[in-house]
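Enquirer: Sequence and predicted structure below; questions after.
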Amino acid sequence: MTWSNTNTPPDEHASRQELIRAMYLDDAKLPVSAVAQWYAKKLDHPLEDESDLLDFICRVGIAGVRELKEKWEGRSKAQIQWSIIRS
């Protein structure tokens, strides 16, 4: 499933311990929040509060990791790095 082709984030729930810690890092919170708000608005998925924001960020992260895992399955580190450079 490619999440960017839908209007709602995926329904999967996962452990968010690492992302919760990251949300409280002052240097990362503002840019991550701003991008998440922009992306949610683009998908017509309004975020009501901090809980919605965190859930949205987690869902985007989970969907992204799954997509990249599929894309890069069986590739070497050098092939993955080259793929990133070309993007």
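Expert: Ah, there it is.
Enquirer: Please count neighbours and contacts with C-alpha atoms only from this point.
Expert: OK.
Enquirer: which residues in this structure form helices?
Expert: Assignment of helices within the chain using DSSP state H yields the ranges 17-23, 26-42, 50-72, 77-86.
Enquirer: taking the mean pLDDT, what do you get for the longest one?
Expert: The average pLDDT for helix 50-72 rounds to 92.
Enquirer: likewise the second one?
Expert: Across helix 26-42, pLDDT averages out at 86.
Enquirer: can you dump the C-alpha coordinates of that helix into PDB?
Expert: As requested, the backbone C-alpha atoms of helix 26-42 are provided in PDB (Å, rounded to 0.1, in the frame of the first residue of the first chain):
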ATOM      1  CA  ASP A  26      13.500  21.200  20.800                       C
ATOM      2  CA  ASP A  27      15.600  21.300  17.700                       C
ATOM      3  CA  ALA A  28      13.400  18.700  15.900                       C
ATOM      4  CA  LYS A  29       9.900  19.600  17.200                       C
ATOM      5  CA  LEU A  30       9.200  22.700  15.200                       C
ATOM      6  CA  PRO A  31      10.300  21.400  11.700                       C
ATOM      7  CA  VAL A  32       8.700  18.000  12.200                       C
ATOM      8  CA  SER A  33       5.500  19.600  13.400                       C
ATOM      9  CA  ALA A  34       5.400  22.100  10.600                       C
ATOM     10  CA  VAL A  35       6.000  19.500   7.900                       C
ATOM     11  CA  ALA A  36       3.400  17.200   9.500                       C
ATOM     12  CA  GLN A  37       0.800  20.000   9.600                       C
ATOM     13  CA  TRP A  38       1.500  20.900   6.000                       C
ATOM     14  CA  TYR A  39       1.300  17.200   4.800                       C
ATOM     15  CA  ALA A  40      -1.900  16.600   6.800                       C
ATOM     16  CA  LYS A  41      -3.500  19.700   5.300                       C
ATOM     17  CA  LYS A  42      -2.400  18.500   1.800                       C
END
